[in-house]
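Asker: dropping the sequence and predicted coords here.
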Amino acid sequence: MNRKKLLVWLLILLLAACTGQKTPAATSVPSTTNPTAASLPMATATPQPRELTICTRLEPTSLYPYDGYSSLSKQTALMLLSGTLPGQIAPNPLELVESRREVVTLSLGDMVMDSSGQIAPLVAGLKLWPAGCHSPECALSWDGSSEFKMDQMVYIWRVQEAAAWQDGTPLKAKDYWLGSHAASSDPSRMNRWYQDITASLHVEDEAELIWKLVPGMGRFAASEEQFPWTPLPSHLLEGIAYSDFASQQILQESLPAWGPYLLEHWNKGTAMHFVPNPGYPAERSGLWAYDAIELRFLREKSQALTAFSAGECDILDGSYRFTAAEIEAHGASASLGRPEELSMLVMGVKPASYDDGQPLWNDEEPDFFRSFELRKALWACLDLNSHFEDLAAFFYPTGYQRPRFKPPVPPALPEPRAALEALGWQDADGDPNTPRLAKGVEGVKDGTPFKLRLLSGQSAADAEYAAFIVKQLGSCGIAVEHQALSPQELYAPGPEGPLFGRSFDLAIVYFQSSGLPFCLDQTALAVPKADNNWVGMNISGFSDPLADAACFSDAGVNEDDSLTLTHNYVIGPLIPHPEFWLGLETDKR
């Protein structure tokens, strides 16, 4: 394998993890039969220039990191400029040198994180975690006058001496401070979260930053892996207001580099051309040894596949949404990336109609999902582990090793039909084709048939999922009516929209990764309702105080939560949507 092919493979394997912002921690990369970068043979030097062409579907609107817009191509471009491709990360110019917990004494009005995870000013009656406490059992309500102390996380970051911008100007702590302030206008979910949990960001000297989280915020793993804000060149932005940064041409079209590559030119509508940054101090190897990398824009999938076959594209990224049939037809080597979206089945545990506090008997919707045991029985009916291969066949080419569904253990799922009987859902006529009837089920009138409405989008994948769900639940005596809606109808704002208005039984939905732990979007604070203008990702309406506390405290969360059923069996994945990056077989060049 020559050097170009080796590095094509290397880039495929490394870029595959970059299809979205970092997820929580919400996602894990499914297994693949492709070789890992570590298993590839050493490359041998070649005299000819080494260039790589990545073809992508959409051209970025700008390179400014904080305009609230993101695309796969924009992320790839920014990662080339910064040297932050997962698995091939260049030496980080900003290093975490210390993290510690300090005890601080609070004053009235100080911003804190309360025991529910809400960022709020300190007032009498607020329930808090005192110093040394990070669980619901030891939370206290402040009386408004007594001295109150809480833990506060402090992170100290230092800029490395050799780090510099592409014009040779040394990179400074002030550049990262400037990036954090410019980010205040970025509406993205991840940036808002980081802004909210920041108590202060202080420039200690030209090289050192001190970042303090709000008191009550526990050790947050993502905060220690990488500084959350991209630096901006303060020496080029003197006298310009933060609000005007997004309109500056130097930030929109030629963001200065501080990593291994710089943007040499951008032919609008055609391509971005990257060349090595002469000011980059670290040794160049692997991906960073290319003489040039081009990010080419080909909007139509057919055009991209033709260019790929002709050798004009070394890589087609995941933005083209390749099907298993297309991958097989072109004989390409496919590398599976982290999914941008997670296809989830959500139970409408607590509809918005329950928020008025009226007795459930007066509500139009039966309380089907109140029981934890009932929810377990429904997941047992679906039996995703046994049927995962059938579902996955729609997405994966023949012979490709598919990810496995991870069944929740412990506890083991029950035998579903016996569990439904024990819970009061009786098969009165012995006919499996008719729905079970309620008898003594709390929150459901006797004689109510177990009939559910399943909402989804109109894609072929949704149709596959819905047919599977209807069949599986039907075999347990649960009738399911499937209704396919347009995205505008399905994801319409609350209270009218069925999802964000929390008016559904079952729904197949897609969660875009926010780059934050998945649990943050499933707490009580994330339930869309009238009090928060129907904004929030916890459309099931269900929350668990213990799970919420674990999410916001040092207890942390299971990084695989987004790819396994939650411990309360409210939401779970059907299958992560794969995004294939197509690279070349060794005989293609």
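Answerer: Sure thing, it's come through. Residues are numbered from 1 along each chain as shown.

Asker: centre of the chain to stretch 91-111, how far?
Answerer: Relative to the chain's own centre, stretch 91-111 is displaced by 25 Å; criterion: CA atoms, centre = their mean, to the nearest Å.

Asker: pLDDT on that stretch, on average?
Answerer: In this model, stretch 91-111 has a mean pLDDT of 91.

Asker: then stretch 126-146?
Answerer: Stretch 126-146 carries an average pLDDT of 87.

Asker: name the residues that touch that stretch?
Answerer: Here stretch 126-146 makes contact (CB atoms under 8 Å, 6 or more residues apart in numbering) with 103, 108, 112, 114-116, 120, 122-125, 148-151, 216, 218, 545-546, 549, 553-555. Placement of C-beta: from N, CA and C, glycine included.

Asker: any idea how far apart the tips of it sit?
Answerer: Start and end residues of stretch 126-146 are separated by 13 Å (CA to CA, to the nearest Å).

Asker: buried ones in that stretch?
Answerer: For stretch 126-146, burial by neighbour count (16 or more other CB atoms under 10 Å) applies to 126, 128-131, 133-134, 136, 139, 142.

Asker: quick one: these as a markdown table, columns for secondary structure and distance to Ile327 too.
Answerer: Output for the buried residues of stretch 126-146, formatted as a markdown table (DSSP: H, G, I helix; E, B strand; the rest coil; distance: CB to CB, whole Å):
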| residue | secondary structure | distance to Ile327 |
| --- | --- | --- |
| Leu126 | coil | 54 |
| Leu128 | strand | 53 |
| Trp129 | coil | 50 |
| Pro130 | coil | 56 |
| Ala131 | coil | 55 |
| Cys133 | coil | 52 |
| His134 | coil | 47 |
| Pro136 | helix | 48 |
| Ala139 | coil | 52 |
| Trp142 | coil | 59 |
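
Asker: picking that back up, just the buried ones from the contacts of stretch 126-146, in PyMOL syntax?
Answerer: Burial among those is assessed by 16+ other CB under 10 Å; the matching PyMOL selection reads:
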select buried, resi 112+114+115+116+122+148+150+151+216+218+549+553
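
Asker: among the contacts of stretch 126-146, which lie within strands?
Answerer: Secondary structure from DSSP state E places 103, 112, 120, 149-151 of the contacts of stretch 126-146 in strands.

Asker: identify the farthest-apart pair in the residues you listed.
Answerer: Val103 and Ala120 (20.1 Å; CB to CB).

Asker: still on that earlier bit, which of the ones in strands among the contacts of stretch 126-146 sits closest to Glu253?
Answerer: Ala120 (40.6 Å).

Asker: quick one, what contacts the closest residue to that closest one other than its chain neighbours?
Answerer: Excluding the flanking residues, the one nearest Ala120 by CB to CB, 6 or more residues apart in numbering is Asp114, at 5.9 Å. Asp114 makes contacts with 120, 126-128, 216, as judged by CB under 8 Å, 6+ apart.

Asker: what pairs with Met272 across the strands?
Answerer: Counting by DSSP bridges, Met272 forms beta bridges with Trp266, Leu295.

Asker: low-confidence ranges, the stretch 301-450 of the chain, go.
Answerer: Counting by pLDDT under 70, the stretch 301-450 of the chain contains low-confidence ranges at 331-342, 357-364, 398-412.

Asker: oh, I was asking about the stretch 451-589 of the chain
Answerer: Counting by pLDDT under 70, the stretch 451-589 of the chain has low-confidence residues at 512-516, 553-567, 576-580, 584-589.

Asker: recalculate using a threshold of 50.
Answerer: Scanning the stretch 451-589 of the chain for pLDDT under 50 picks out 555-564, 585-589.

Asker: show me where it has strands.
Answerer: 451-456, 479-484, 506-512, 571-576, 579-583 (DSSP state E, counting those that start in this stretch).

Asker: columns distance to Phe511 on top of the buried residues of stretch 126-146, output as JSON lines?
Answerer: Output for those, formatted as JSON lines (distance: CB to CB, whole Å):
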{"residue": "Leu126", "distance to Phe511": "31"}
{"residue": "Leu128", "distance to Phe511": "30"}
{"residue": "Trp129", "distance to Phe511": "29"}
{"residue": "Pro130", "distance to Phe511": "35"}
{"residue": "Ala131", "distance to Phe511": "35"}
{"residue": "Cys133", "distance to Phe511": "32"}
{"residue": "His134", "distance to Phe511": "27"}
{"residue": "Pro136", "distance to Phe511": "26"}
{"residue": "Ala139", "distance to Phe511": "29"}
{"residue": "Trp142", "distance to Phe511": "35"}
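
Asker: from the contact counts, what lies against the lengthiest helix in the chain?
Answerer: Identified as the longest helix of the chain according to DSSP state H is helix 460-474. The helices and strands touching helix 460-474, judged by 3 or more CB pairs under 8 Å, 6 or more residues apart in numbering; DSSP states H and E, are strand 341-347, helix 372-382, helix 384-392, strand 451-456, strand 479-484, strand 506-512.

Asker: one more time with 10 Å, if that's ok
Answerer: Contact here means 3 or more CB pairs under 10 Å, 6 or more residues apart in numbering; DSSP states H and E; on that basis helix 460-474 packs against strand 341-347, helix 372-382, helix 384-392, strand 451-456, strand 479-484, strand 506-512, strand 571-576.

Asker: residues of that helix that come out buried?
Answerer: Of all the residues in helix 460-474, those buried under the rule 16+ other CB under 10 Å are 461-466, 468-470, 472-473.

Asker: from the middle of its chain, how far away would that helix be?
Answerer: Helix 460-474 has its C-alpha centroid displaced from the chain centroid by 25 Å (CA atoms, centre = their mean).

Asker: out of the strands of the stretch 451-589 of the chain, nearest to Ile240?
Answerer: Across these, closest to Ile240 is strand 506-512 (CB to CB), at 31.8 Å.

Asker: separation between the closest residue to Cys551 other than its chain neighbours and Cys313?
Answerer: Spatial nearest neighbour of Cys551, chain neighbours left out: Cys519 (3.9 Å); criterion: CB to CB, 6+ apart. Distance from Cys519 to Cys313, counting by CB to CB, to the nearest Å: 39 Å.

Asker: what does the model give Gly20 for pLDDT?
Answerer: We have a pLDDT of 33 for Gly20.

Asker: circling back: let's have the ones in strands among the contacts of stretch 126-146 in JSON lines, adding distance to Ala492.
Answerer: Output for these, formatted as JSON lines (distance: CB to CB, whole Å):
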{"residue": "Val103", "distance to Ala492": "47"}
{"residue": "Val112", "distance to Ala492": "35"}
{"residue": "Ala120", "distance to Ala492": "30"}
{"residue": "Lys149", "distance to Ala492": "46"}
{"residue": "Met150", "distance to Ala492": "40"}
{"residue": "Asp151", "distance to Ala492": "42"}
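
Asker: out of the helices and strands packed on helix 460-474, flag the one nearest Glu415.
Answerer: Among the helices and strands packed on helix 460-474, the nearest to Glu415 by CB to CB is helix 372-382 (7.1 Å).

Asker: which elements pack onto the closest one?
Answerer: Applying 3+ CB pairs under 10 Å, 6+ apart, we find helix 372-382 packed against strand 341-347, helix 416-422, helix 460-474, strand 571-576.

Asker: if we can go back for a sec, run a quick neighbour tally on the residue nearest to Cys551.
Answerer: Residues near Cys519, counting by other CB atoms under 10 Å, number 23.

Asker: kindly report the same for Cys55.
Answerer: Using other CB under 10 Å: Cys55 sits among 25 other residues.
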